[in-house]
Every structure is written in C-alpha cells, then in structure tokens.
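> Structure for this input, please:
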Amino acid sequence: MLAALVQVVLPVVLVAAVGYVLARSFALDRQTLNKVGMHGLTPALAFTSIVKTEVSPGQGVWLVAGYVAANVLAGLVAWAVGGRWPGRTRRGVVACTVIGNNGNFGLPVALLALGQPGLDQALVLFIVSVVVMFTIGPVLYGSHDGLGAGLRSLVRLPVLWALVAATVVRLAGMTVPIGVMRGIELLSAAAIPLVLLQLGVQLGQSRRIHLTAPVLVSVGLRSLLLPLLGLAVAVLLPLPTLSAQSLVLALAMPTAVNAFLLAEEFRGDSEMVASVVAVTTVVAVPVVAVVVSLLPLIR
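Now for the predicted structure:
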C-alpha cells in the first residue's frame, strides 16, 4: 500500500495541490480552465488514445458492459436506501453514486497505476462516463427537457467527435499526416497535467462541507460499494486481467464535479451534491491507494 501511495497517489495529490494553492491565492476562472480541458485537450487525448490503443472491440464491449452493470446495481441500491428522503435529495444520492470522476482523477491514476495500456482502457470508460453524465444526469435531476437535454449537451462535446474521427481513422486504415499528429499529441500530453490542476482548483473553490445523512450515505456507496461491485462484475465477466483491473480502478474514483454542475443547472440538491464531491475526492486518496495495492491480485 505504501508503494501505491508513493508511486500513484502522491503524484496526483502533488499536482492537484498546486491547483488548490493557486485557487486559494488567485481569483481563477474555473469555467475557462474546464473549457480548455474539456474542449481543447481531452479531445486530443481521446483521439491519440483511440488511434493507438490496443484495446480490442471485444474487450471494449465487455469493459463497458461491466462498468454499466456495476453502476446500474449501485444506482438501484442508492434509490432504495434514499427512499425516506425528499425526491430531489434521493435523486441527488443516485447521481452522486453513478456519476464518477473518470476524467481529471481517473485518467492520471490509470496512467500511473497501469501505464499507457491502462490509460487506453480508462479513456474508454471516461467516454462512457461522459455519456452517462449528460444523458442520465438531467433525467435524475428532474430536467424538464429530460433525456433530450442530455443528448443535446452530449453531441456538442468535441470529445465525442474526436472519438468518432479516431474510430474512422482506425477502421479505414488511414494515416494521419505526421505534422498534424504531432500537434494533436502535444495537446494530448498537456491534458493529464491540466485535468489534475482543474481538480485542485475545484477543491480550492469548494463550498462549505455539510456531513448530513444523505452525504455520508452517498460517500459510502460511491467510495466503498462501487469498487466492490466492480470486483464482483470483473470476476463474473470474461475480462482479461488488465481490463478487470481497469474496471475496478475506474469504479474507485470519487464523484465527479460535473454532478454538482448538473445539480445547479437542473435545480437539484446542489448543496448536498457539492459536499459529496468534496468528501469523496478526499476519501479517494486512501481508497485508491488500497485498490491499487490490491490490483495485482485481480487475475
């Protein structure tokens, strides 16, 4: 576990800490940083990873199936546990459980823990998490536009079209001009450091934390139940070792800050969600360290 802390978690914490200090020292525009990362750098990372990935279509299908299955099971548990709370709080608990931070936390951790092959698999799960976020999220929070609003948000994301373009390049056996590819790779290389800085900035600008019963339940479901469900699903599905490890690691990530942004956008219980985002992010440090140290046992 000590090795996991030093080799995997410590680099993530150090870079995020820089973002935290900057957010506390200066009036940073978080929305601008988010737009640079989501619309400028992450699409480049998606393109290069899909073009170069060794993840086969068969592995990808089972990996996605495992991720979706674990989240559906966790969401059902969250819905059942939250039955005694008001509707908006109950929906917020479900959202906090199933909307994971597979971007600015999950991608760096996967790279450090499992190398480039692990990053390739983590990117597949990140794209799935984006789809879940912008389709299921609005429905959970009670948007009047429902699924339609989520789909419109989804199709406006460059990362989706980068994925489509990379898939076309691979299937057609095309070669990207070397100058263009090098430019994309430069943007891609900047993605991981920036998303970690974003994470620190988000924590530095977080609101006051309220440890209510819905918050604590959400933290338990996201931080403890989901990794265990991921392990169970990984054992049951015909996943190769690396895919099984990637799945469990992805499900150990904290609640995504976008769960809070969506709660504000669609008038959900944003105060509760903000607290869950902050607490799960802090709790993720020891949780990820434990999970990473146990990954070699998953075969």
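
> What strand or helix carries the nearest residue to residue 105 once chain neighbours are set aside?
Counting by C-beta to C-beta, 6 or more residues apart in numbering, residue 253 is the residue found nearest to residue 105 once chain neighbours are left out, at 5.2 Å. In this view, the C-beta of every residue, glycine as well, is placed from N, C-alpha and C. Assessed by DSSP states H and E, residue 253 sits outside every helix and strand.

> tally of neighbours for residue 195?
Around residue 195 there are 26 other residues, counting by other C-beta atoms under 10 Å.

> isn't there a strand covering it?
No. Judged by DSSP: H, G, I helix; E, B strand; the rest coil, residue 195 forms no part of a strand; its state is helix.

> and the closest residue to it other than its chain neighbours, which of the three is it?
Among residues not flanking residue 195 along the chain, residue 104 sits closest, at 3.3 Å (C-beta to C-beta, 6+ apart). Secondary structure state of residue 104, per three-state DSSP, is coil.

> I'd assumed residue 201 was in contact with residue 104.
No. Using C-beta atoms under 8 Å, residue 104 is not in contact with residue 201; the gap is 9.9 Å.

> So between these two, which is more surrounded?
residue 104 (29 against 26).

> and the residue sitting nearest the centre point of the chain, what does it touch?
Residue closest to the average C-alpha location in the chain (C-alpha atoms, centre = their mean): residue 102, at 1.6 Å. Applying C-beta atoms under 8 Å, 6 or more residues apart in numbering, we find residue 102 in contact with 122, 125, 126, 129, 250, 253, 256.

> ok, the nearest residue to residue 40 once chain neighbours are set aside to residue 56 distance?
The shortest distance from residue 40 to any non-neighbouring residue, by C-beta to C-beta, 6+ apart, is to residue 187 (6.7 Å). Using C-beta to C-beta, to the nearest Å, we find residue 187 at a distance of 26 Å from residue 56.

> who has more neighbours, the two?
residue 187 (16 against 11).

> Which helix or strand contains that one?
Counting by DSSP H and E, residue 187 is part of helix 178-204.

> Give me the below-cutoff pLDDT ranges for the stretch 51-200 of the chain.
For the stretch 51-200 of the chain, the stretches flagged by pLDDT under 70 are 55, 142-151, 153-154.

> ranges for the helices of it?
Assigned by DSSP state H, counting those that start in this stretch, the helices in the stretch 51-200 of the chain fall at 57-81, 87-98, 106-140, 146-155, 158-172, 178-204.

> what does the average pLDDT come to for whichever strand or helix holds residue 13?
Assigned by DSSP H and E, residue 13 falls within helix 10-25. Here helix 10-25 scores 86 as its mean pLDDT.

> Could you list the alpha-carbon positions for the helix or strand that comes right after it in CSV?
Scanning forward in sequence from helix 10-25 by DSSP H and E, the next helix or strand is helix 30-35. Written as CSV, here are the backbone C-alpha positions of helix 30-35 (Å, rounded to 0.1, in the frame of the first residue of the first chain):
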residue,chain,number,x,y,z
ARG,A,30,-12.6,27.7,-13.2
GLN,A,31,-15.0,27.7,-16.1
THR,A,32,-12.3,28.8,-18.5
LEU,A,33,-10.0,26.0,-17.3
ASN,A,34,-12.8,23.5,-17.7
LYS,A,35,-13.5,24.6,-21.2
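
> what's in contact with helix 30-35?
Contacts with helix 30-35, where a contact means C-beta under 8 Å, 6+ apart, come from 23, 194, 197, 198, 201, 202, 205.

> Out of those, the closest to residue 47 would be?
Nearest to residue 47 among the contacts of helix 30-35: residue 194, at 16.1 Å, using C-beta to C-beta.

> That closest one: neighbour count?
19.

> My read is that it contacts residue 37, right?
Yes. Counting by C-beta under 8 Å, residue 37 is a contact partner of residue 194 at 5.1 Å.

> Could I get the buried residue list for stretch 10-19?
Neighbour-count burial for stretch 10-19 flags 12, 13, 15, 16, 17, 19 (criterion: 16 or more other C-beta atoms under 10 Å).

> mind giving me JSON lines with the residues you listed and columns for distance to residue 175?
Listed next are those as JSON lines, based on distance: C-beta to C-beta, whole Å:
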{"residue": "12", "distance to residue 175": "35"}
{"residue": "13", "distance to residue 175": "40"}
{"residue": "15", "distance to residue 175": "34"}
{"residue": "16", "distance to residue 175": "37"}
{"residue": "17", "distance to residue 175": "41"}
{"residue": "19", "distance to residue 175": "37"}
